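Chemist: Quick one, what's the 3D model for this:
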Amino acid sequence: MKEPTLTINLKSLCRNWQILNKLSSNLCGAAVKANAYGLGIQKVSESLYKTGCRHFFVAYLSEALKVRTVAPKAEIYLLNGYHAGDHENYIKHGITPILSSIEDLKNFVSKPQTTFALQFDTGMNRLGISWKKADIASKICKKAGKTPTLILSHFCSSEEPSNPKNTEQLNLFKEITPYFPHSLHSLSNSSGIFLGAENHFNLTRPGIALYGGNPTPNTQNPMQQVVSLTANIIQIQE
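Modeler: Numbers count the residues shown, from 1 in each chain. The predicted structure is shown next:
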């Protein structure tokens, strides 16, 4: 008897990225954290890189190093914060840590130069510097003579288009970006892309939609199916 089979359609995954890239006003990246949502980070990243994706978001350094082997000229962002012990690897492999606290920022700017990004919390309440401290972060960067390559935040309710939290977060993010005029700005996740161009800024960061998840719940899924599971029926009971 044939064992259950999970089939991953990389062509559909790449078509999903192309759909999201076309919808995005500027650049479109890809969240490949958690082993590309369990589908295999190297194969997924290689396929997306060949399709044109140049911005990848991972959770751990080990994931970043895997992406680097198949995406030699990509920008690779490390979501899980800054770890001083990994600083040399950031430099050696061109990995950009995303700093999520004032303490991490102060620690980072005292080290040899490498690229970095700043994450601000505008309502997700997960990771990030408080939006109220954008001016403090900006002053630290200016004093050190360092400019973040990317400023980002994350929607918490973008799958609900009418949720007022979306507008609230958008407005807070707009208060942050003027402090960093020479950085890329990014707010939209998968569902955020469908909220409209005003939410896209310089770079969108789709995740679940790439893999076929519906970014617009309660409406027809605009994404193509990427994963299918087949198995034999071994018994039917009435």
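
Chemist: And the helices in the chain?
Modeler: 10-23, 33-38, 41-51, 61-70, 87-93, 102-109, 134-144, 164-176, 190-193 (DSSP state H).

Chemist: As JSON lines, those helices with mean pLDDT would be great.
Modeler: Output for the helices of the chain, formatted as JSON lines (pLDDT from 0 to 100):
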{"stretch": "helix 10-23", "mean pLDDT": "98"}
{"stretch": "helix 33-38", "mean pLDDT": "97"}
{"stretch": "helix 41-51", "mean pLDDT": "98"}
{"stretch": "helix 61-70", "mean pLDDT": "98"}
{"stretch": "helix 87-93", "mean pLDDT": "95"}
{"stretch": "helix 102-109", "mean pLDDT": "95"}
{"stretch": "helix 134-144", "mean pLDDT": "97"}
{"stretch": "helix 164-176", "mean pLDDT": "98"}
{"stretch": "helix 190-193", "mean pLDDT": "98"}
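
Chemist: Mind putting those helices into CSV with mean neighbour count and distance to Asn232?
Modeler: Backbone N, C-alpha and C define where each C-beta goes, glycine included. Shown next, in CSV, are the helices of the chain (neighbours: other C-beta atoms under 10 Å; distance: least, C-beta to C-beta, whole Å):
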stretch, mean neighbour count, distance to Asn232
helix 10-23, 19, 24
helix 33-38, 18, 23
helix 41-51, 20, 26
helix 61-70, 19, 34
helix 87-93, 16, 44
helix 102-109, 17, 51
helix 134-144, 15, 56
helix 164-176, 17, 45
helix 190-193, 25, 34
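
Chemist: Nearest to Gly81, out of these?
Modeler: helix 102-109 (6.2 Å; C-beta to C-beta).

Chemist: Could you give the separation of the closest one from the chain centroid?
Modeler: Computed by C-alpha atoms, centre = their mean, to the nearest Å, the separation of helix 102-109 from the middle of its chain amounts to 21 Å.

Chemist: just the CA coordinates of that helix, formatted as PDB?
Modeler: Provided in PDB are the C-alpha atoms of helix 102-109 (Å, rounded to 0.1, in the frame of the first residue of the first chain):
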ATOM      1  CA  ILE A 102      16.500  50.200  22.300                       C
ATOM      2  CA  GLU A 103      18.900  48.000  24.300                       C
ATOM      3  CA  ASP A 104      19.700  45.900  21.200                       C
ATOM      4  CA  LEU A 105      20.200  49.100  19.100                       C
ATOM      5  CA  LYS A 106      22.600  50.600  21.600                       C
ATOM      6  CA  ASN A 107      24.500  47.300  21.800                       C
ATOM      7  CA  PHE A 108      24.600  46.900  18.000                       C
ATOM      8  CA  VAL A 109      25.900  50.400  17.100                       C
END
